[in-house]
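> Kindly generate the corresponding structure for this input.
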Amino acid sequence: MRLALLGFHHETNTFATRPTDYADFAQHGILRGDELVHRHAEAHSTVAGFLEIGRRSGVPEVTVVPLYYATANPSGTVTRATFERIAGELLRSLAEGGPWDGVLLALHGAAVAEGYPDADGEVAARIRAAIGPNVPIGLALDLHANLTARMVDQATVTVLYRTNPHLDPRLRARECAEFVVRTVRGEIHPVQALETPPLVINIVTQGTDEEPMRGLMAAADAVIARPGMLTASIAMGYPYADVPEMGAAFLAVHDGDPAAARAAAQELAGLAWQRRQSFVAQVPGPSEALQQAMAAPRGPVVLLDVGDNIGGGTMGDSTLLLAEARRLGVRRYLQTLYDPDAVIACVAAGVGARLTLLVGGKTPDSPHPPVEVSGYVRLISDGKFEDPTPTHGGWRFFDAGTTVVLEMAEEQTLVLTSRVIGNTSSQQMASLGIRPERYRVVVAKGVLSPRPAYAPIAAQLVLVNTPGITTADLSRFTYRERRRPLYPFELAATYSPAIRG
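Sure thing, here's the model as predicted:
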């Protein structure tokens, strides 16, 4: 049994000014053949889970052939030329390596390209057209997918992450691959049902370890445990992609019974709809959050900068919290900023040099201008580090580009990077000789993705509703393509799963 492994992974923020081009994918990683094994075999990613099915002792007759995988940081709309080039490379690798007994496909589920609002569905459709109607396709997706009927219709079985932060990509991909193997053998006959109520789940209420999502995920687990049910997934949606299918979706996969799959998907959607008011949350603003941190009996208080969420498509250079912290006189303060120009200036000055410079706030979507700071260059690093533990998304190898640690007189530390990189690994600071637990206030650019790194050392984790292209206040965005009505934008939206057939 030969299974092709392919992937195109991008979370597209359509409100980002700068488009995403081929160079962005090339910088982050376009992997071919054994390069996938080198980068992912010992990681906790989707690709790692797909690779694992070919190495398990119980299925020696299964060979997973790694072909092609392209990914880039969450960012703006993918240019049409870039999408066509990547899709062409992906399909050529599939054609040159065939024939295949099955395909293992790693997509995100919230990719948008010029001319293709459902870029993931377009990729899946082209693969289906290339291999024909009878070859099973296993589709593994991010929990933040804006799941569409087109994606599901092209796949034989679809599996989404079930944790947020995403600590289970490897497990879910392995599960997906096992379903493909069993389908090829004729042991199971998956049928899928998708339900899409008119519901948006705010990003700040999507943590699966907390209510309201914890109870909803428990309900999905109960559905999966039923006789004949293969899997069930909750797509929480990605509200920063203005596309017709933006919003929550619910998927159930049964072994041969379409009615049972449909009933299960409707049940989960109905339960979510009953809880719809709990998915609208109030989050403190910058001043309130910083004052709360200063008043805390002990630190560190980790402030999660929602509006500058690198995992949602920002550049990580918002200076709003830094400016407010300096105004309030916050001491023992730590944060990262993406600023290649500032890095160049610090490198030119050298370790130990003192200088005054403007940092952050230099990209088009930054919600706050640069801030003037003075300090000395304590360290210059190549910015590369590795984390063998499960991180958000399962990545193992990281590259922040040339990185500078700037120490300021106000007991404030800035980590300046020349590449956009999220604060998802504890090894980011450890590789620079920084111990976050010694600080009073630590700013992490994200919502849930930094939690595995910072929860073990944080006295408190506080969400901060800052402005930006990932703000929690969705009323700030002008949506042109989304479906209507959609709760909570239209409070009068209705959903009746029992009569949807």
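> tell me the strands in the stretch 51-200 of the chain, going along the chain?
63-71, 102-107, 137-141, 157-160, 190-195 (DSSP state E, counting those that start in this stretch).
> and the fourth one, how far from the chain's centre?
Distance of strand 157-160 from its chain centroid, counting by C-alpha atoms, centre = their mean, to the nearest Å, is 16 Å.
> okay if I get the strands of the stretch 51-200 of the chain as CSV plus mean neighbour count, distance to Leu304 and mean pLDDT?
The way it works is simple: take the backbone N, C-alpha and C, and place the C-beta from them, glycine included. Shown next, in CSV, are those (neighbours: other C-beta atoms under 10 Å; distance: least, C-beta to C-beta, whole Å; pLDDT from 0 to 100):
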stretch, mean neighbour count, distance to Leu304, mean pLDDT
strand 63-71, 22, 24, 97
strand 102-107, 26, 27, 98
strand 137-141, 28, 24, 98
strand 157-160, 27, 23, 98
strand 190-195, 22, 31, 98
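> Output these as TSV; include the columns distance to Glu122.
TSV is the format used below for the strands of the stretch 51-200 of the chain (distance: least, C-beta to C-beta, whole Å):
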stretch	distance to Glu122
strand 63-71	14
strand 102-107	10
strand 137-141	13
strand 157-160	16
strand 190-195	17
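> tell me which residues in the top strand by length along the chain are buried?
When the chain is parsed with DSSP state E, its longest strand is strand 371-381. Going by neighbour count (16 or more other C-beta atoms under 10 Å), the buried part of strand 371-381 is 371, 373, 375-381.
> any idea how far the residue most central in space within the chain is from Ala130?
For the chain, the residue nearest the mean C-alpha position is Gly311 (5.5 Å; C-alpha atoms, centre = their mean). The gap separating Gly311 from Ala130 is 32 Å, by C-beta to C-beta, to the nearest Å.
> ditto for Thr12
24 Å.
> Same check on Gly207?
38 Å.
> ok, now Leu139?
15 Å.
> Note down every partner strand of the strand or helix carrying Val442 and its orientation.
Take DSSP states H and E as the rule and Val442 turns out to sit in strand 441-444. If you go by DSSP bridges, strand 441-444 pairs up with strand 301-305 (parallel), strand 333-338 (parallel).
> tell me, how many neighbours does Ser475 end up with?
Neighbour count for Ser475, taken as other C-beta atoms under 10 Å: 8.
> Check whether it sits in a helix, strand or coil.
At Ser475 the chain is in helix, as set by DSSP: H, G, I helix; E, B strand; the rest coil.
> Dump the strands paired with strand 441-444 into TSV; add mean neighbour count, mean pLDDT and distance to Leu147 as well.
Below are the strands paired with strand 441-444 laid out as TSV (neighbours: other C-beta atoms under 10 Å; pLDDT from 0 to 100; distance: least, C-beta to C-beta, whole Å):
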stretch	mean neighbour count	mean pLDDT	distance to Leu147
strand 301-305	26	98	26
strand 333-338	26	98	31
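> Can you convert the ones you listed into CSV and add a column each for distance to Arg262?
Formatted as CSV, the strands paired with strand 441-444 follow (distance: least, C-beta to C-beta, whole Å):
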stretch, distance to Arg262
strand 301-305, 38
strand 333-338, 46
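> What are the boundaries of the strands in the stretch 251-400 of the chain?
Under DSSP E, counting those that start in this stretch, the stretch 251-400 of the chain gives strands at 301-305, 333-338, 354-359, 371-381, 384-386, 397-399.
> Contacts for the last one next, please.
If you take C-beta atoms under 8 Å, 6 or more residues apart in numbering as the criterion, strand 397-399 is touched by 39, 43, 383-387, 419, 421, 425, 427-428.
> quick one: average confidence on that strand?
Mean pLDDT, computed over strand 397-399, is 93.
> Return the list of strands paired to it, each annotated with direction.
strand 384-386 (antiparallel).
> Tell me, domain by domain, which residues of the chain belong where.
Domains of the chain are assigned by automatic domain parsing as 2-279, 286-471.
> mind checking which of those domains is nearest Tyr479?
For the domains of the chain, the distance to Tyr479 is smallest for domain 2-279, at 5.0 Å, taking C-beta to C-beta.
> where along this structure do the helices fall?
22-28, 34-40, 46-53, 80-97, 119-131, 149-154, 169-184, 213-224, 258-274, 286-295, 320-328, 340-349, 427-430, 451-454 (DSSP state H).
> tell me which strands and helices the second one is in contact with?
Under the contact criterion of 3 or more C-beta pairs under 8 Å, 6 or more residues apart in numbering; DSSP states H and E, helix 34-40 touches helix 46-53, strand 63-71.
> so which of the strands paired with strand 441-444 comes closest to Ala125?
Using C-beta to C-beta, the nearest of the strands paired with strand 441-444 to Ala125 is strand 333-338, at 35.4 Å.
> quick one: that closest one to chain centroid distance?
So, by C-alpha atoms, centre = their mean, the centroid of strand 333-338 is 21 Å from its chain's centroid.
> any chance of the helices and strands packed on helix 34-40 in JSON lines, with distance to Gly329 too?
As requested, the helices and strands packed on helix 34-40 are exported to JSON lines (distance: least, C-beta to C-beta, whole Å):
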{"stretch": "helix 46-53", "distance to Gly329": "45"}
{"stretch": "strand 63-71", "distance to Gly329": "41"}
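> Of all the ones you listed, which one is nearest Tyr116?
Here strand 63-71 is closest among the helices and strands packed on helix 34-40 (C-beta to C-beta), at 14.9 Å.
> How about residues contacting the closest one?
Under C-beta under 8 Å, 6+ apart, the answer for strand 63-71 is 1-10, 25, 28-37, 40, 47, 50-51, 53-54, 86, 89-90, 93-94, 97, 104, 106, 177.
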